[in-house]
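Engineer: Just to be clear, the model below is a prediction. Sequence and coordinates:
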Amino acid sequence: MSISVNNITKIYGTQKAVDGISFTVKKGEIVGFLGPNGAGKSTTMKMLTGYVQADAGEASIGGLVVTENNNETKKKIGYLPESNPLYNEMYVREYLRFIGNIHQVKSLETAVEKVIEMVGLKLESNKKIAQLSKGYKQRVGLAAALIHGPEVLILDEPTSGLDPNQIVEIRELIRRLGADKTVLFSSHILQEVEAICDRVIIINRGKIVADDYLQNLQQSNKSLQKVEVVFKERIEAAWIEKMEGVENYSITNSNICVIQTSQADLIKKQMMQLAIDQHLNIDSMKSNAQSLEDIFRELTNSKL
């Protein structure tokens, strides 16, 4: 079951929160949906789930237009919103039964026990939600999104509040779920996106600035590599600014230079010549392919 977004727009007052974006996510794909705060990620997810209506364009779930088939599409979606609203005075199992009844889940008790085991809630399942840590409350929200066996998962910051061990467990769960479901999820933890997704969509100021497989982004992005050079002596910014092929650079501790470039070999040659000309000693020099964080920062207009 696929997600299809065709030129959707959402306007709040004079601001276009989402500005005519289009993309598709196919069954079996786990796609990371990324962007800085206020970029339009959560608004897009709310339009996909039918909780916010688009001002223009349309979103479809499994071929059904959300605005025309709101109840039907909600049955097919498991949604974990960023705010993760819960009834804190309910017990974990009580809350999951409540959500399961709303979805008219058959064999409800079996379904409740299955999702409790799936998201690692067993030890906390007899407590009131108010007694849980933020991480376990997040697991309750994820369990509620999964209780009815949805074909599409839309997860807004699913690992928010989890400790490193819990993040690994939820990462593995999302991978398993992605084998036969359509998964779109957002996260500010870019290392998690790299670990889970092959494809990413990056949105900035309401517009999509990238939609591709991560490997393709790393190969095609204009600033493909970072070159890091550590000198024994102090270096001057003016020396770096005269070099060819420098897209961005930073100098830390007065002797460590990191250059963003698409011409790593040229930069290395120029660094060697700089050392000769200025009587400098190089401790180390290395180049690395860009990480998702590097690509994200460049495409959302951040400096190195």
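Structural biologist: Perfect, I can see it now. Keep in mind that what you see is a predicted model, and the values were worked out from it rather than measured.

Engineer: Might you report the residue contacts of the residue nearest to residue 92 when sequence neighbours are not counted?
Structural biologist: Leaving aside its chain neighbours, residue 92 sits nearest to residue 125 (4.7 Å; criterion: CB to CB, 6 or more residues apart in numbering). Placement of C-beta: from N, CA and C, glycine included. Residues in contact with residue 125 (CB atoms under 8 Å, 6 or more residues apart in numbering) are 92, 93, 116.

Engineer: and these as a markdown table, adding pLDDT, secondary structure and neighbour count?
Structural biologist: Listed next are the contacts of residue 125 as a markdown table, based on pLDDT from 0 to 100; DSSP: H, G, I helix; E, B strand; the rest coil; neighbours: other CB atoms under 10 Å:
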| residue | pLDDT | secondary structure | neighbour count |
| --- | --- | --- | --- |
| 92 | 97 | helix | 25 |
| 93 | 96 | helix | 16 |
| 116 | 96 | helix | 21 |
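
Engineer: Switch those residues over to TSV, and while doing so, append distance to residue 181 to every line.
Structural biologist: Output for the contacts of residue 125, formatted as TSV (distance: CB to CB, whole Å):
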residue	distance to residue 181
92	23
93	24
116	19
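
Engineer: so which of those would you say is closest to residue 154?
Structural biologist: Lowest distance from residue 154 to those (CB to CB) belongs to residue 116, with 21.4 Å.

Engineer: Distance-wise, check the closest one relative to residue 40.
Structural biologist: Taking CB to CB, to the nearest Å as the measure, residue 116 falls 34 Å from residue 40.

Engineer: Same question for residue 163.
Structural biologist: As judged by CB to CB, residue 163 and residue 40 stand 29 Å apart.

Engineer: So for those two, which residue has more residues nearby?
Structural biologist: Comparing residue 163 with residue 40 by neighbour count (other CB atoms under 10 Å), the higher total belongs to residue 40, at 25 against 12.

Engineer: how close does the more buried one get to residue 252?
Structural biologist: 33 Å.

Engineer: With respect to residue 214, which of the contacts of residue 125 is nearest?
Structural biologist: Closest to residue 214, out of all of the contacts of residue 125 and judged by CB to CB, is residue 116, at 33.0 Å.

Engineer: ok, residues contacting whichever strand or helix holds residue 192?
Structural biologist: For residue 192, the enclosing helix or strand under DSSP states H and E is helix 190-196. Helix 190-196 has contacts (CB under 8 Å, 6+ apart) with 30, 32, 34, 159, 167, 171, 174-175, 178, 185, 187, 200, 214, 291-293, 296.

Engineer: let's see it at 10 Å
Structural biologist: Contacts of helix 190-196 with the rest of the structure, by CB atoms under 10 Å, 6 or more residues apart in numbering, involve 30-34, 158-159, 162, 167-168, 170-172, 174-175, 178, 183, 185-187, 189, 199-200, 214, 291-297.

Engineer: Just the buried ones among these, please.
Structural biologist: Using 16 or more other CB atoms under 10 Å as the burial test, those include 30-34, 158-159, 162, 167, 170-171, 174, 178, 183, 185-187, 199-200, 214, 292, 294-297 as buried.

Engineer: Now do whichever strand or helix holds residue 249: distance to the chain's middle.
Structural biologist: Assigned by DSSP H and E, residue 249 belongs to strand 248-252. Relative to its chain's centre, strand 248-252 lies at 27 Å (CA atoms, centre = their mean, to the nearest Å).

Engineer: repeat for stretch 278-288
Structural biologist: 35 Å.

Engineer: how about it: buried residues?
Structural biologist: Applying 16+ other CB under 10 Å to stretch 278-288 flags 280, 285, 287 as buried.

Engineer: I'd like the next helix or strand past the strand or helix carrying the last one.
Structural biologist: Take DSSP H and E as the rule and residue 287 turns out to sit in strand 282-289. Using DSSP H and E, the helix or strand that follows strand 282-289 towards the C-terminus is helix 292-299.

Engineer: so how far is that next one off the chain centroid?
Structural biologist: 12 Å.

Engineer: ok, now stretch 9-29?
Structural biologist: With CA atoms, centre = their mean, you get 15 Å for stretch 9-29.

Engineer: what residues are up against residue 67?
Structural biologist: 47, 50, 53, 54, 58, 59, 60, 73.

Engineer: For the fourth one, give me phi and psi.
Structural biologist: Dihedral angles of residue 54 (phi, psi; degrees, to the nearest 10) stand at phi -70, psi 150.

Engineer: surely residue 201 meets residue 34?
Structural biologist: Yes: contact criterion CB atoms under 10 Å: residue 201 and residue 34 qualify, at 6.9 Å.
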